[in-house]
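1. From the sequence below, what's the structure:
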Amino acid sequence: MEVTAPVPRAVPTQTAALVPLLGLLWGFNWVAVRICLTEIPPWTLRAAGFAAGTLALYAYLRVRGKSLEVPRRHWLRLVVVGLLSITFYNLLSAFAQLSASTTRSSVLSYTMPIWAVIFARIVVGERVDRRRALGLGLGIAGLLSLGWPILAAGEFSIGLVWAILSGVSWAAGSVVLKRYPIDAGALTIAWWQLMLAVPVTTAGMLVFEGVPELRPLQTATIWAFIYHAILAQAVATTLWFTILEALPTGIASIGSLLVPAVGVLGATAFLGERPTTGDLLGLAFIVAASAVVLVRLPPERRT
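-> Numbering: from 1, shown residues only. Model (predicted):
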């Protein structure tokens, strides 16, 4: 089948406005996951989080009267996208936080937009226009500024590798979905992505951690888990697929660079991590990258 470059289209302003909201939800999720990991092992956390998120989104879909049907011919691409964008990404990012700081993990995980723009150019044929190139350049500068303390202090760890690989996995899944779209609504796709992650993470939990022991959790851990499962999994995953469905991969991905900025600020406020000068400079670049993508969007065409 011949691959053709997508026809340029106006960016829906309402959809673009969801990008900063997604940044807030996913940004603070880094803090929530770090709090959860103090008492809940990574495989168990992801299995429980996916299960709770799946149930919450299922209830919402039923209330809205949405169908859960996906064409049989699209099942393979649904599984591939789900494993890359949701299952592997979440597992790798959780393991990253076990051996690296939340600040560093969130930043390196969001090399994702860099990979996404490159993959989208090769696989989908999306053109790297001036706006996207400028946003990408600012994003790279921000990530380098935030990552410089790691190299300067010699604080390299395996967690940083997991963080980078999580970004690669998420980018690959996003571009596969753009190249091979799934004939279903964003809510339905989001639900299946979460649901497909449940058996994978549950099997991993049983193999590597065993049956979880029921024991009291700290109040902070309980609230962090609720945030992680409902807002960061069910709600934010739905927002991501809605955005990806309406916007070019590069714009959607670069706009999500707001997430590590929120993650760094959240880690400072709630986890006691102290950003360096390089961290603050990186945050400035990242916010600028998001602004370049979101500000002065072209008006919608009227027919």
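2. List the buried residues of the one helix or strand Leu91 maps to.
-> Assigned by DSSP states H and E, Leu91 falls within helix 89-99. For helix 89-99, the neighbour count (16 or more other CB atoms under 10 Å) marks 89-97 as buried. Placement of C-beta: from N, CA and C, glycine included.
3. same check, this time on stretch 21-34
-> Under the neighbour-count criterion of 16+ other CB under 10 Å, stretch 21-34 has 22-23, 25-34 buried.
4. would you list every one of the helices in the stretch 151-300 of the chain?
-> Taking DSSP state H, counting those that start in this stretch, the helices of the stretch 151-300 of the chain run over residues 158-179, 186-208, 219-226, 236-246, 249-255, 258-270, 277-294.
5. quick one: which of those helices is nearest Trp148?
-> Distance to Trp148, taken as CB to CB, is lowest for helix 277-294 among these, at 4.6 Å.
6. quick one: low-confidence parts of the stretch 201-303 of the chain?
-> For the stretch 201-303 of the chain, the stretches flagged by pLDDT under 70 are 249-257, 293-303.
7. circling back to that earlier point, could you export the buried residues of stretch 21-34 as CSV, including secondary structure, distance to Gly272 and pLDDT?
-> CSV is the format used below for the buried residues of stretch 21-34 (DSSP: H, G, I helix; E, B strand; the rest coil; distance: CB to CB, whole Å; pLDDT from 0 to 100):
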residue, secondary structure, distance to Gly272, pLDDT
Leu22, helix, 26, 86
Gly23, helix, 22, 85
Leu25, helix, 22, 93
Trp26, helix, 21, 90
Gly27, helix, 17, 91
Phe28, helix, 16, 95
Asn29, helix, 18, 94
Trp30, helix, 14, 94
Val31, helix, 11, 95
Ala32, helix, 15, 96
Val33, helix, 16, 95
Arg34, helix, 11, 94
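8. any idea of the pLDDT on Ile35?
-> The confidence metric pLDDT takes the value 96 at Ile35.
9. so who does it touch?
-> Ile35 makes contact with 220-221, 224, 270-271 under the criterion CB atoms under 8 Å, 6 or more residues apart in numbering.
10. ok, now with 7 Å
-> Neighbouring residues of Ile35 by CB atoms under 7 Å, 6 or more residues apart in numbering: 220-221, 224.
11. Leaving out the residues flanking it, which one is nearest to it?
-> In space, and not counting its chain neighbours, Ile35 is closest to Ala224: 3.9 Å by CB to CB, 6 or more residues apart in numbering.
12. how close does the one you found get to Val31?
-> 8 Å (CB to CB, to the nearest Å).
13. Counting by contacts, list what whatever helix or strand comes next after the helix holding Leu91 packs against.
-> Of the helices and strands lying after helix 89-99 in sequence (DSSP H and E), the nearest is helix 102-109. In terms of contacts (3 or more CB pairs under 7 Å, 6 or more residues apart in numbering; DSSP states H and E), helix 102-109 is packed against helix 18-36, helix 89-99, helix 130-153, helix 158-179, helix 258-270.
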